[in-house]
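# Sequence plus predicted model, see below.
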Amino acid sequence: MKGLVKNEKGIALFLVLWVLTLLTVIVGEFCFAMRTEVNITRNFKGQTEAYYIALAGVNRAIGELIRNEVIPPKVTPPKIAGIGKEEEPEDEEKEDRWRINVDIPPVPHGVGQFEVRIGNESGKININGANEALLKMMLKGFGLEDHQESIIVDSIMDWRDKNNLHRLNGAEDDYYRSLPEPYECKDDDFDSIEELLMVRGVTPEIFYGGLKDIVTVFKPPTQRTRVGQGYKVVNADLNRVNINAASKKVLLALPSMTEDLANEIMNYRKESDFRSLTEVSSLVGTEIYSVISPYITLDKSPFYNIISVGRLNDSKIRQGVEALVEITKKEKKGYRVVQWRDGLQDQGEGDLR
């Protein structure tokens, strides 16, 4: 009997130890699950805060752009020698305007800060209006053979024209209908730059390898100018790019443009925009200017691309927003949102850098 009692006590002790082990595992798993949920909740909270900080950056940028349209920047008059010392009025505040394609210092907001970069679509090549020469320049940096370039250029022009007659190296319905997954040539303007992937000769490697960053489809609205007793409708010149808004990739596409000259233009714009094409000529030299002058302008488009990245203080969490807005007096708010993209990461040219 004594041996039987001892065995029962041993079994009871084993069962107790097994139950304690099981409870320890359950408690550990519960703690791990709770810790995971807490981290997920904390990250979600941080991401939400960062997103709304980025959203604040977009709203601030829109406000600055409307301000620039409503209240044009003051132009400092040149100093005239021999008239005495110039004195600035004490009550005149120094203007701090947000300009396109320049690094805007981070702006504190709530528990974090946002970084904003503003671009203007006039600095891109408009595939709905660019002529053959500009379209060929657009493909300059992709290492394509002349025949490949001709196929893409002619096919872009065939895609957007209204007829069904293809150019020498272009493509119309007969080509697109012969594809494994057939479709028809649009014969109208591009609605988005992604349509380029449907055009003959444009491969994903070309499109995502940089082409998408230097093209646009948004045409500025026509302008009415008074002529005598009537009005004349003036269309924007889509065969030129804005030298103040062009990215380095677009600058390098210009004829005779070198890496050094492109860098000089980018460095010049860090301090101030070009206010006249004469300033461009002085910077690049008359010889280069005579070559690039048919392709450049200072005219801006009402379409602006805004990239805003919100960050939390003492955290690696960040969220980005990209918006394409049109600044227009036709809208009651002074603008309209054309495109919107959440979840942007700040990488590469065209994004924050």
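Yep, it's here. Predicted, not measured: the structure shown is a model, and the values here were computed from it.
# okay, CA-based contacts and neighbour counts for the rest of this
Fine.
# Return the residues in contact with Ser178.
Ser178 makes no contacts at all, as judged by CA atoms under 8 Å, 6 or more residues apart in numbering.
# Next one: it from Lys300, what distance?
Distance of Ser178 to Lys300, given as CA to CA, to the nearest Å: 41 Å.
# Equivalent analysis for Gly123, please.
8 Å.
# quick one: common contacting residues for these two?
In contact with both Gly123 and Lys300: 242, 245, using CA under 8 Å, 6+ apart.
# Those two: who's more crowded?
Per other CA atoms under 10 Å, whichever of Gly123 and Lys300 has more neighbours is Gly123, with 28 against 18.
# list the contacts for that one?
214, 241-247, 250.
# Surely Pro108 is in contact with Val116?
No - in this structure, Pro108 is not within contact of Val116 by CA atoms under 8 Å, at 11.7 Å.
# Quick one: the helices in the stretch 51-200 of the chain, in order.
132-138, 146-160, 173-177 (DSSP state H, counting those that start in this stretch).
# What is the first one packed up against?
Packed against helix 132-138 by the contact rule (3 or more CA pairs under 8 Å, 6 or more residues apart in numbering; DSSP states H and E) you find strand 125-126, helix 146-160, helix 248-253.
# Also the longest one?
Helix 146-160 sits against helix 132-138, with contacts defined as 3+ CA pairs under 8 Å, 6+ apart.
# Pro108 and Val116 - which one has more neighbours?
The neighbour comparison of Pro108 against Val116 (other CA under 10 Å) goes to Val116, with 26 against 16.
# so who does the more buried one touch?
57-58, 61, 103-104, 106, 306-309, 352.
# Using a markdown table, please lay out the helices of the stretch 51-200 of the chain together with mean pLDDT.
Below are those laid out as a markdown table (pLDDT from 0 to 100):
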| stretch | mean pLDDT |
| --- | --- |
| helix 132-138 | 94 |
| helix 146-160 | 96 |
| helix 173-177 | 95 |
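# And those: which comes nearest Val202?
If you check each of the helices of the stretch 51-200 of the chain against Val202 by CA to CA, helix 146-160 wins as the nearest, at 6.4 Å.
# Low-confidence stretches in the protein?
1-9, 38-39, 70-96, 222-235, 344-353 (pLDDT under 70).
# thought Lys140 was touching Ala253?
Yes - shown here, Lys140 and Ala253 form a contact pair, counting by CA under 8 Å, at 5.8 Å.
# quick one, helices of the stretch 251-353 of the chain?
259-271, 277-284, 286-292.
# Output those helices in TSV, with mean neighbour count and distance to Gly28 appended to each entry.
Output for these, formatted as TSV (neighbours: other CA atoms under 10 Å; distance: least, CA to CA, whole Å):
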stretch	mean neighbour count	distance to Gly28
helix 259-271	15	57
helix 277-284	14	69
helix 286-292	15	70
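# Same list, the contacts of Gly123, but as CSV with distance to Glu37 and secondary structure please.
Below are the contacts of Gly123 laid out as CSV (distance: CA to CA, whole Å; DSSP: H, G, I helix; E, B strand; the rest coil):
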residue, distance to Glu37, secondary structure
Ile214, 43, coil
Val241, 51, strand
Asn242, 51, strand
Ile243, 51, coil
Asn244, 49, coil
Ala245, 46, coil
Ala246, 46, coil
Ser247, 44, coil
Val250, 47, helix
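# Can you give me the neighbour number for Val16?
Burial of Val16 is recorded as 12 neighbouring residues (other CA under 10 Å).
# Run through the neighbouring helices and strands of the helix or strand containing it.
According to DSSP states H and E, Val16 maps onto helix 2-70. Applying 3+ CA pairs under 8 Å, 6+ apart, we find helix 2-70 packed against strand 112-120, strand 303-312, strand 318-327.
# and the angle from it to strand 318-327?
If you take axes from the mean of the first three to the mean of the last three CA atoms, to 10 degrees, helix 2-70 sits at 30 degrees to strand 318-327.
# so how far is helix 2-70 off the chain centroid?
Averaged C-alpha coordinates place helix 2-70 at 37 Å from its chain's average position (CA atoms, centre = their mean, to the nearest Å).
# ditto for stretch 121-135
On CA atoms, centre = their mean, the centre of stretch 121-135 falls 17 Å from that of its chain.
# again, but for stretch 170-178
Its chain's C-alpha centre and that of stretch 170-178 lie 32 Å apart, by CA atoms, centre = their mean.
# okay but Lys124 is in contact with Val217, surely?
No - applying CA under 8 Å, one finds Lys124 not in contact with Val217, separated by 9.2 Å.
# Neighbour count for those two, which is higher?
More crowded of Lys124 and Val217, by other CA under 10 Å: Lys124, with 27 against 17.
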